[in-house]
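Visitor: Requesting a structural model of the entry that follows:
(3 chains)
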Amino acid sequence: MEKVTYRELRSTPKVWGFLILCAAFVAAAGLSVLYIEAHGHIVTGMNNQIVWGLPHVFAIFLIIAASGALNVSSIGSVFGKKPYKPVARLANVLAVALLMGGLAVLVLDLGRPDRLVMAMYTYNFTSIFAWNILLYTGFMGVVAIYLYTLMTRGMDPRFLKAAALLAFVWRLVLTTGTGSIFGWLVARTPYDSAIMPPMFIAMSFSFGMAMFMLVMSLTTAITNRVYTTELRVRQARLLGVFVAAAMYFVIAHHLSNMYLAKKSAYESWILLGGGIYTKLFWIGQVLIGGIIPMLLLFQPRIEAKRGAVLLAALLVVLGGLAQVYVIVVGGQAYPLDIFPGFEVSSSFNDGVINSYTPTLLELALGFGGIALALLITGLGMKFLRIVPDNLTDDTANAPMPAE
Amino acid sequence: MRKLLVSVLMLAALLASPGFAEGLLPDIPKAMGEPHPEGNEWWRVNHPALLMHSRDQTVIEGIRDVDASIKTCVACHAVEGPDAAPVTYESPKHICRACHDYVAVKIDCFQCHNSRPEEADWAAVLPSLGGTPESLRAYLERISQ
Amino acid sequence: MIIPTTEKGAEISRRDLLKKGGAMATVTLAPGVTLMAFGGQASADGLKKGARWGLLIDAGKCPEDCSACVTACSNEHGWKNNGLDTDPQWIRKVTLREKATGRENSLPVMCQHCDEPPCVDVCPTGASMKRADGIVLVNRHICIGCRYCMMACPFKARSFVAEEVTDQRTTTPRGNGTVEACNMCVHKIDRGDGTTACVEACQATGNNAMIFGDLNDPESDIAKAVSTYASMELRADLGLGLGVRYQNV
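Guide: The predicted structure follows:
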């Protein structure tokens, strides 16, 4: 059997067309940011009740998906699953790109993005946000080292394994940090739970795998590379397991909330009477993002059903966005219980469900984050040797260059 | 090559002429009180660091009588606009813009701070103008000559 | 417009001052003439060591139709509530109705100035801070506008400035893209007023529903009141140790 070879993408109109499309979305996001900067956040739908809106939904989705995308390479390098090894390089680049896309959105939505450098020289160590700055930048560094060990000819496999293990542990810590942003908000009924970090980790497995499968499908569709059947089948089955795991945490969270009298009002709101959030939960998160993908992915003879697998991955992403929306925006829409046992009213929306109508500006910024992630990944594939060139269903088990 | 040399020399001569240099330098408005004992050069160099230090003293330690309070700077260095009220940072005549436009250094102080004094700030400045209204009058007469 | 002076009867009109000051504003100066000194070294003023500033609010004395404290705060600090969801509200009147009994009540809610403020814990830059005298405030110089403090605050005390602000009160700098909240009139405390705008306004109405003072000073009115009569903290279950206490909720 011949060895797996990697080659940069050829300069075809399809490749350039895709990159230009991504760049256009990034430019639109840039214009949107300039507009918000010039006028203040008053031009967005965000307000003093819904302080984090659509940009944060996209940003958090991308950051969660980033650590999940890295899993695709961890499965090969840490857990030794051979069919994953040829795509490890791509998974690393995708992971960093998704993180960059998410962070860009997060940073550009700040009230004072011009002062971002403040976050580097005035630092509050009790803030999980501040810790995340280190975890995110460190993630990029660790993944870069991991990628270096993957791409260097004759690299000692022990170094590769060590780098891969470090990256895997780092990503678990990173997603724990992201989940803790919400889990440690004691005052808000919808958050305030230690289940948030593990739930975010399960979500990351699922979102990241789905994003990888979509990118891999797109890449192989516009080039002459091959998404091997073995890899696709393995990833499809594993995605189904990840979706189930994420749903398990969601069920556990809601069940334990329902059991607590002080949280039962919130549960009956989000599960039954929460309007758009209830719809997004049942139709978006549970049906589109959970049940349908599982039905698609666990069906027999999946190897022959490329379309079903692709659709499932797409639905997981859409359902994932719905889930993050329910968590981030729905969690803020539910009123704070400042006076337990009282009905309250005020000029500051006390005691009422807060409303949020996202504007096109926020949507443009969010899409810009996804586009930036895809643009970075595309440029990575264009200029780095990260996508296998000679992979076919026959050579999928060929030995790796580093072995 | 010779042409270049000639034009460089001409430019140098132009720059060296006093009238030209005056037009290029910033038009710095006079303040109301006595000159800083440290001298203007010293303040030009040190005012950013001083303001930074003083702002932390005020916000964190509650110290209001600081070496460089932006409120006092703005009160004492206020520049009258066409409506006889002090100009804001919107005007290029504002004390801070007079120099900062010239050196092309952007400041964001006045996104939060008012660039004009309130009446109470004038009262606060008064004692530091030598302590008495007489000395203020004397000062105003001196500078109006 | 008059500039008050320390000398008896000596007054200079501000307009005169400005006219003379402005006349020479157009004069181009040689270096070394313009700037002036304003006093010597920073003196040893600053926050009161060992103090714990607090408010005591008696909901029983707070009529539902009175919002003098809210108006006073708005004037003192220059924030305006025009009814938009993006408008800041440093203090707000909340109407309560006890679910079990139907008893109605009204009280003002502002930053509760926690001993263990969640907003300070979560702030990535340390802009959200607690002074040594217990006042919780935002150091806008290093606030990046991430709004995590607003997510963390159990009392919805904070607002985000969502548009450009002009003509601020010079005692309360505030601007676009930063978070703000009640700062317990820190400028008034530092200059020794011994009260806040809301408390002054409340006393002026005759309702006397609010007391300001140093909870750590056993001789202060507030310390005597809380040690004599029952008072409570909002969300006491969170264990945050609030500087604002309520009676007759």
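
Visitor: drop to CA atoms for contacts and neighbour counts, all remaining ones
Guide: Noted.

Visitor: So B:Tyr102 sits against B:Asp27, correct?
Guide: No. Using Cα atoms under 8 Å, B:Tyr102 is not in contact with B:Asp27, being 9.3 Å away.

Visitor: More neighbours: those two, which one.
Guide: B:Asp27 (21 against 12; other Cα atoms under 10 Å in any protein chain shown).

Visitor: show me where pLDDT drops low in chain C?
Guide: Chain C contains residues with pLDDT under 70 at C:1-44.

Visitor: if we go to 90?
Guide: Scanning chain C with the threshold set as pLDDT under 90 gives C:1-46, C:49, C:191.

Visitor: What helices and strands are in contact with the one helix or strand A:Glu267 maps to?
Guide: Under the criterion of DSSP states H and E, A:Glu267 resides in helix A:261-268. With contacts taken as 3 or more Cα pairs under 8 Å, 6 or more residues apart in numbering or on different chains; DSSP states H and E, helix A:261-268 sits against helix A:229-259.

Visitor: Give me the mean pLDDT for the helix it packs on.
Guide: The average pLDDT for helix A:229-259 rounds to 96.

Visitor: and what of stretch A:91-100?
Guide: 98.

Visitor: Who are the contact partners of the nearest residue in space to A:Tyr334 that is not next to it in sequence?
Guide: Nearest residue to A:Tyr334 in three dimensions, chain neighbours excluded: A:Ile353, at 5.3 Å (Cα to Cα, 6 or more residues apart in numbering or on different chains). Neighbouring residues of A:Ile353 by Cα atoms under 8 Å, 6 or more residues apart in numbering or on different chains: A:Ala333, A:Tyr334, A:Pro335.

Visitor: Could you tell me how far the residue nearest the centre of chain B is located from chain A?
Guide: By Cα atoms, centre = their mean, the mean C-alpha position of chain B lies nearest to B:Ile95, the distance being 3.9 Å. The gap separating B:Ile95 from chain A is 24 Å, by Cα to the nearest Cα, to the nearest Å.

Visitor: same thing with C:Leu47?
Guide: From C:Leu47 to chain A the distance is 23 Å (Cα to the nearest Cα).

Visitor: count of neighbours near the residue lying closest to that residue once chain neighbours are set aside?
Guide: The shortest distance from C:Leu47 to any non-neighbouring residue, by Cα to Cα, 6+ apart, is to B:Gly62 (4.8 Å). Close neighbours of B:Gly62, defined as other Cα under 10 Å, add up to 22.

Visitor: same thing with C:Thr228?
Guide: 9.

Visitor: thinking again about what came up before, just checking, the residue nearest to the centre of chain B touches B:Glu80?
Guide: No. Contact criterion Cα under 8 Å: B:Ile95 and B:Glu80 do not qualify, at 10.6 Å.

Visitor: Report whether stretch A:110-118 contacts chain B.
Guide: No. Contact of stretch A:110-118 with chain B (Cα under 8 Å from any Cα of the partner chain) is absent, the minimum separation being 10.2 Å.

Visitor: The helix holding A:Glu267 vs helix A:229-259, what angle?
Guide: Taking axes from the mean of the first three to the mean of the last three Cα atoms, to 10 degrees, helix A:261-268 and helix A:229-259 form an angle of 130 degrees between their directions.

Visitor: can you pull the buried residues of helix A:261-268?
Guide: By 16 or more other Cα atoms under 10 Å in any protein chain shown, the buried positions in helix A:261-268 come out as A:Ser264, A:Tyr266, A:Glu267.

Visitor: quick one, helices of the stretch 151-300 of chain A?
Guide: All helices of the stretch 151-300 of chain A, identified by DSSP state H, counting those that start in this stretch, fall at A:157-183, A:196-222, A:229-259, A:261-268, A:276-279, A:292-297.

Visitor: Go through the shortest one and flag the buried ones.
Guide: Think helix A:276-279. Neighbour count says helix A:276-279 has A:Tyr277, A:Thr278, A:Lys279 buried, by 16+ other Cα under 10 Å.

Visitor: Chain C versus the second one, what's the distance?
Guide: The one in question is A:Thr278. In this view, A:Thr278 and chain C are 21 Å apart by Cα to the nearest Cα.

Visitor: which residues do B:Ile95 and B:Glu80 both contact?
Guide: What both B:Ile95 and B:Glu80 touch, as defined by Cα under 8 Å, 6+ apart, is an empty set.

Visitor: picking that back up, can you tell me which of the contacts of A:Ile353 is closest to A:Ile20?
Guide: Of all the contacts of A:Ile353, A:Ile20 sits closest to A:Ala333, with 37.4 Å by Cα to Cα.

Visitor: Tell me which residues touch the residue nearest to that closest one when sequence neighbours are not counted, please.
Guide: Using Cα to Cα, 6+ apart and skipping residues adjacent in sequence, the residue nearest A:Ala333 is A:Asn354, 4.5 Å away. Counting by Cα under 8 Å, 6+ apart, A:Asn354 touches A:Gln49, A:Ile50, A:Gln332, A:Ala333, A:Tyr334, A:Pro335.
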